[in-house]
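> how does the following fold in three dimensions:
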Amino acid sequence: MSLAHTLPLLIFNGTIEALSRLGNTTVAQCRIPRKAPENPPAELWSALAKKLIMSHGIVGPMTSALIFSRGFPELRSPMPPAAQLAALFAMAHMFNDWGFYWSHRMLHHPKLYKLHKKHHSFKGTVGPAAEFAGDTETIVSNYIPSVGWLIIVGAHPIVQATWLILRLWATYEAHSGYVFDGLWIQKLGIVSGSCFHDHHHTVNLGNFGSMYMDWLFGTMDHWVRDGGHEGYVKKRFGHAVPPGLSRKADAKDHRE
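As a prediction, this is how the structure comes out:
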């Protein structure tokens, strides 16, 4: 479980950072342009590093040891049949969507926002900052919605580890500050982009969870008024062409 917690952090964010430092133009053009106040200062990066070391090096392993010492299936025990696996993942997904949306929306209430303000220190999001939150928020809005259902039903450890990897991959991408429109990794469904949640951080209004939840409960009005995904891309990049296709479009315009 500790590996399932840490590997997505290193692989997803590490790959993007490595490609960026190596001067990969595709990655560079997919990064959402930031205004000066949206760039995290050095002290915020330092605070994030300390949080990640504590979470992945101490709290995470201790929590896993405590949970899995209490009657879960052995690692070598048989995996559930396919139909049961599908039901487990479907219920875990629904539990997370509803739990995260309502806990996140609750934390934006004026009387509770102080518990959530730490996470919004990153006005321009970066992948690792997905875990940058206070203890109360980490438990109520991150931990319980993400893994609560599979712990409640006592799912197989491999099922729980697989689900945790999928959840962390999704939340790191949502906070990554990159838009992968038009690239093969987006077409295959490996990534989908971060505009919806990035809008939440930069505007701090609505977009509390999965898009269908915000649509269902009327909290995506600001997103819609700003033009949705296409409008946000145009607002940030200065053109409506998806970032992954912009170089091809620019080359075509130049030839014409």
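
> need the longest helix for the protein.
Scanning the chain for the longest helix, with DSSP state H as the assignment, gives helix 82-107.

> pull out the buried positions in it.
Taking 16 or more other C-beta atoms under 10 Å as the basis for neighbour counts, the residues of helix 82-107 that come out buried are 88-89, 92, 95-96, 99-107. In short, each C-beta sits where N, CA and C put it, glycine included.

> just give me how far it sits from the chain centre.
A distance of 15 Å separates the centroid of the chain from that of helix 82-107, by C-alpha atoms, centre = their mean, to the nearest Å.

> swap in stretch 61-74?
In terms of C-alpha atoms, centre = their mean, the centre of stretch 61-74 is set 25 Å apart from its chain centre.

> which residues touch whichever helix or strand residue 144 is part of?
Using DSSP states H and E, the element containing residue 144 is helix 144-152. With C-beta atoms under 8 Å, 6 or more residues apart in numbering as the contact definition, helix 144-152 has outside contacts at 67, 88, 91-92, 95-96, 98-100, 103, 159-160, 163-164, 167.

> try 6 Å
Contacts with helix 144-152, where a contact means C-beta atoms under 6 Å, 6 or more residues apart in numbering, come from 91, 92, 95, 96, 99, 100, 160, 163, 167.

> quick one: mean pLDDT over the helix or strand following it.
The helix or strand immediately downstream of helix 144-152 is helix 157-174, counting by DSSP H and E. With pLDDT averaged residue by residue, helix 157-174 scores 94.

> so which elements touch helix 157-174?
Applying 3 or more C-beta pairs under 6 Å, 6 or more residues apart in numbering; DSSP states H and E, we find helix 157-174 packed against helix 2-8, helix 144-152.

> show me the shaky parts of the stretch 151-256 of the chain.
By pLDDT under 70, the weakly predicted segments of the stretch 151-256 of the chain are 240-256.

> helices along that one, start to end?
Using DSSP state H, counting those that start in this stretch, the helices of the stretch 151-256 of the chain run over residues 157-174, 184-187, 195-203, 211-216, 221-225, 228-237, 243-255.

> and those helices: which comes nearest residue 12?
Evaluated over the helices of the stretch 151-256 of the chain, closeness to residue 12 peaks at helix 157-174, with 4.7 Å, by C-beta to C-beta.

> tell me the bridge partners for residue 31.
Going by DSSP bridges, residue 31 is paired in beta bridges with residue 178.
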